[in-house]
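*Asks:* Generate coordinates for the sequence data below:
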Amino acid sequence: MSKPRTLIILGVALLGRPISASAQAPYLESPLLQSAQGSTSSLPPSNSVSHIATRGQSVWIGTGKGLARSVNGGVSWESFRSIPQFASRGIFSVAVHGDTVWASTGFSKDVDGQAVQTGTGYTYSTDNGSTWLQLPQTLDGRNDSLVTYGTNTIRFIPIVVPEQNVTFDAAFSDSTVWIASWSSGLRKSTNLGQSWQRIVLPSGARSSIAPEDDLTGYLIDPRLDNNFLLFSVFVQNDSTVWAGSAGGVNKSTDGGVRWAKYNTLNQQSSILGNWVIAIKGQQLDSTYRLWCTNWKADLDPSEEFGICYTDDGGRIWRNFLHGVRAYDFAFKDSIAYVATDEGVYRTDNGGNSWIRSGTIIDSKTGQLLTTSSFFAVGVVGDTVYCGTGGGLVKTLDNAANPFGQTWEIQRAYQPVGNTSASYAYPNPFSPDDEYARIHYSTGGSAASVTVEVFDFGMNRVRTVIKDAQRSGAFEHDELWDGKDDQQRQVSNGVYFYRVVVNNGDPVWGKVMVLQ
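*Replies:* Below you'll find the predicted structure:
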């Protein structure tokens, strides 16, 4: 979101903005089969983890450096950056169904000084990642504007460019793949993307739509109606499909033909906000519970951030976490986990009470997670995996290990390997948004460590740690928040730092502060 999931947030300013449907002819590409040739590492390929999907014991993550998978609880990760489509494009969605793994990709493009999200297509595997196929972003022909719907002829605005046409979510039934995209809306394919069917959804003025309705003059134009801007899709079964837009929650019980819409305006027990960026289902003993994130889509003061669920197929919604921006859900039996800007929330009683992840420190390395924003969550067995912009974190949740009691933080870094080298990252860094991490090695032995920061005149600015005891782990990070010893923000510029391990020779490095 670039920052995980905040890619979606760019859509706030674009709600209602015209979408260019000209200036570029549609492009077609043949699928390209490639072997995976994944590289294996003990760490994820990137600290920016925006998507998590699980299947059996496998954990798939979408990161700032492509797609990766672990089949051994995060002990090692296989990165698929050798696949060209993953090498330099952002991951906007990841879906897993059986042996099929599907990822949509894109990037942020500068158009007249503004960042415009641009879809680059789909990369998928039908053999659990052994080989991969690539497809272009779904685009229409310039004159491809009419769809037959019952006795009606529905006019669509054809989407002929990939700009402002990113696929934010995908979901599978046994026979169909569904995609939810910004300007090209909700579509489905029964042949793994060789062809796509456009789905007719109710407009903002309608609470439902069916082929037998009189739809004379009906126009599907994402420039004019938020319910045609799609962000999420969830397949409950072959018949029941849920789709989240910037205009509410849509539900079909006949495979995508007829739809009912639920939003803040057409129900008494309604959702909190009309912008629905995530939908997930939780199978309980006697109930199927459908969860949604709710964001404020317009300036309507009645809308709120938060989450909601329904136990009766959408008739009544229960609302929780008022005012909290939420991104993702995961479930373990009756337990629900919610990834939010304020941490990971957990409930085991249907939202009657919640606990939240607090300060997260790796119990083995002492590393601190410096962000409270979580963008993805997934569960395998008793292990809860959480994606952030500062690394992948995980914790156990069972009778012997209560949720959040201990944490492991997995962060990508370049090992220095010995005590004579060090570096700082990110570099430059902006103290308003992040910490600088001063990375060094103790050589695999417990050590006493001092880290200090100096300005360009070699005046000591900050003692980060003084004679601190560090474990026998080879690699360590120390955090500098960009402040001096009096807790004043330092000025922009170049600063030098010094690392001393066990009173040995100092190791110097430099870091730039840039607000």
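*Asks:* For the protein, just list every one of the helices.
*Replies:* 6-9, 11-14, 84-87 (DSSP state H).
*Asks:* thought Phe456 was touching Tyr495?
*Replies:* Yes. Counting by C-beta atoms under 8 Å, Phe456 touches Tyr495, with 7.5 Å between them. All C-beta spots, glycine's among them, are computed from the backbone N, C-alpha and C.
*Asks:* Least confident of the helices of the chain, on average?
*Replies:* Of all the helices of the chain, mean pLDDT reaches its minimum on helix 6-9 (a mean of 31).
*Asks:* on that earlier part again, and Phe456 and Tyr495? which has more neighbours close in?
*Replies:* Tyr495 (21 against 10; other C-beta atoms under 10 Å).
*Asks:* what sits against that one?
*Replies:* Counting by C-beta atoms under 8 Å, 6 or more residues apart in numbering, Tyr495 touches 453-456, 461, 510-513.
*Asks:* Repeat that for Arg498.
*Replies:* Arg498 neighbours (C-beta under 8 Å, 6+ apart): 450-452, 454, 506-508.
*Asks:* That one bridge partners, please.
*Replies:* Glu452, Trp508 (DSSP bridges).
*Asks:* what's the closest non-adjacent residue to Asp362?
*Replies:* Ile409 (4.3 Å; C-beta to C-beta, 6 or more residues apart in numbering).
*Asks:* where's the one you found relative to Lys510, distance?
*Replies:* Ile409 sits 26 Å away from Lys510 when distances are taken as C-beta to C-beta, to the nearest Å.
*Asks:* more neighbours, those two?
*Replies:* Per other C-beta under 10 Å, whichever of Ile409 and Lys510 has more neighbours is Ile409, with 23 against 14.
*Asks:* any idea how far that one is from Pro44?
*Replies:* 11 Å.
*Asks:* any common contacting residues for these two?
*Replies:* With C-beta under 8 Å, 6+ apart, Ile409 and Pro44 have common neighbours 391-392.
*Asks:* is it true that Ser195 touches Ser189?
*Replies:* Yes. In this structure, Ser195 is within contact of Ser189 by C-beta under 8 Å, at 6.3 Å.
*Asks:* Compare these two (neighbour count), which wins?
*Replies:* Higher neighbour count among Ser195 and Ser189: Ser189, with 18 against 10, using other C-beta under 10 Å.
*Asks:* related to what we said a few turns ago, what residues does the residue nearest to Asp362 make contact with?
*Replies:* Neighbour list for Ile409: 360, 362, 365, 367, 369, 391-393 [criterion: C-beta under 8 Å, 6+ apart].
*Asks:* just those now: which is nearest Leu215?
*Replies:* Leu392 (47.0 Å; C-beta to C-beta).
*Asks:* Is that closest one bridged to anything, and to what?
*Replies:* Beta-bridge pairing for Leu392 (DSSP bridges): Gly387, Gln410.
*Asks:* Just give me the neighbour total for it.
*Replies:* 28.
*Asks:* ok, now Asn492?
*Replies:* Neighbour tally, Asn492, other C-beta under 10 Å: 13.
*Asks:* got a list of what it touches?
*Replies:* 513-515.
*Asks:* most neighbours, which of those?
*Replies:* Busiest of those [other C-beta under 10 Å] is Val513, holding 20 neighbours.
*Asks:* Can you verify my assumption that it contacts Phe429?
*Replies:* Yes. Applying C-beta under 8 Å as the test, Val513 and Phe429 come out as touching, 6.8 Å apart.
*Asks:* What segments of the stretch 351-500 of the chain are strands?
*Replies:* 355-356, 374-380, 383-388, 391-396, 408-410, 422-425, 436-441, 447-454, 460-470, 475-480, 493-501 (DSSP state E, counting those that start in this stretch).
*Asks:* Could you list the domains of the protein?
*Replies:* Using automatic domain parsing, the domains assigned to the chain come out as 137-323, 422-513.
*Asks:* By mean pLDDT, show me the worst of the ones you listed.
*Replies:* It's domain 422-513: among those, that one has the lowest mean pLDDT, namely a mean of 92.
*Asks:* circling back to that earlier point, which member of the contacts of Asn492 is positioned nearest Glu303?
*Replies:* For the contacts of Asn492, the nearest to Glu303 is Gln515 (33.1 Å; C-beta to C-beta).
*Asks:* could you list every residue that touches the closest one?
*Replies:* Counted by C-beta under 8 Å, 6+ apart, Gln515 has contacts 430-432, 492.
*Asks:* Could you tell me which residues touch both of Val513 and Phe429?
*Replies:* With C-beta under 8 Å, 6+ apart, Val513 and Phe429 have common neighbours Gly482.
*Asks:* Give me the distance between Lys261 and Val494.
*Replies:* 56 Å.
*Asks:* Between those two, which is the more surrounded one?
*Replies:* When neighbours are counted by other C-beta under 10 Å, Lys261 and Val494 differ, and Lys261 comes out ahead with 25 against 12.
*Asks:* thought that one was touching Ala243?
*Replies:* No. If you go by C-beta under 8 Å, Lys261 and Ala243 don't touch, sitting 9.5 Å apart.
*Asks:* Pull up the overlap in contacts between the two.
*Replies:* 201, 249-251.
*Asks:* mind putting these in JSON lines, neighbour count and distance to Phe320 included?
*Replies:* Putting these into JSON lines (neighbours: other C-beta atoms under 10 Å; distance: C-beta to C-beta, whole Å) gives the following:
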{"residue": "Leu201", "neighbour count": "23", "distance to Phe320": "26"}
{"residue": "Val249", "neighbour count": "27", "distance to Phe320": "16"}
{"residue": "Asn250", "neighbour count": "28", "distance to Phe320": "21"}
{"residue": "Lys251", "neighbour count": "21", "distance to Phe320": "20"}
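*Asks:* biggest separation within the contacts of Ile409, which pair?
*Replies:* Spatial extent of these (C-beta to C-beta) is set by the pair Thr365 and Leu392 at 13.8 Å.
*Asks:* ok, now how distant is the nearest residue to Phe456 once chain neighbours are set aside from Gln487?
*Replies:* Nearest residue to Phe456, sequence neighbours excluded (C-beta to C-beta, 6+ apart): Val494, at 5.9 Å. From Val494 across to Gln487, the span is 21 Å (C-beta to C-beta).
*Asks:* just Gly74 next, same as before
*Replies:* 36 Å.
*Asks:* Next: Trp196.
*Replies:* Counting by C-beta to C-beta, the gap from Trp196 to Gln487 is 56 Å.
*Asks:* quick one, which of these two is more surrounded?
*Replies:* Shown here are Trp196 and Gln487; by other C-beta under 10 Å, Trp196 has more neighbours (18 against 8).
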